[in-house]
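**Student:** pasting the structure only:
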């Protein structure tokens, strides 16, 4: 079996990259991520942010929950979440505090124009 120089360089780079990842990270269960844009009713963005951020404590499995203002749209926010699993995220939607926040926010939510599921692999 013969290999050309490009194949050998590619294999070497892959081996070096794999050795740089700690063994625990290689064996870890994939995380679950969500990035979504949410629109408030006109002029209600601050109220929506207050509701969403008041209910973020005590969500088992939530590694990160960030609510950010959209700089291009005064009625839009972005929510970025990282969970230890899809199941933890689903379970959070049944928590009394989260259900209450959803009920309070629903009347001032105008839509969800963008929504992405991700698999977080690195970060701080």
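**Tutor:** Cool, got the structure. The structure presented is a predicted model; accordingly, all values stated were derived computationally and were not measured.
**Student:** ok, which stretches of this structure are helices?
**Tutor:** With DSSP state H as the criterion, the chain has helices at 5-20, 23-27, 45-54, 86-92, 96-105.
**Student:** and the spatially most central residue of the chain, what's its pLDDT?
**Tutor:** By Cα atoms, centre = their mean, the chain has its centre lying nearest to residue 81, at 2.8 Å. Looking at residue 81, its pLDDT is 96.
**Student:** which ones are touching it?
**Tutor:** 33-35, 62, 64-66, 89 (Cβ atoms under 8 Å, 6 or more residues apart in numbering). Every C-beta, even on glycine, is put in place using the N, C-alpha and C of the backbone.
**Student:** give me the beta-bridge partners of it?
**Tutor:** Residue 81 has these beta-bridge partners by DSSP bridges: residue 34, residue 65.
**Student:** so what's the residue count around residue 42?
**Tutor:** Using other Cβ atoms under 10 Å, residue 42 is surrounded by 10 other residues.
**Student:** what residues are up against it?
**Tutor:** 75, 110.
**Student:** now swap in residue 118 and tell me
**Tutor:** By Cβ under 8 Å, 6+ apart, residue 118 lies in contact with 32-35.
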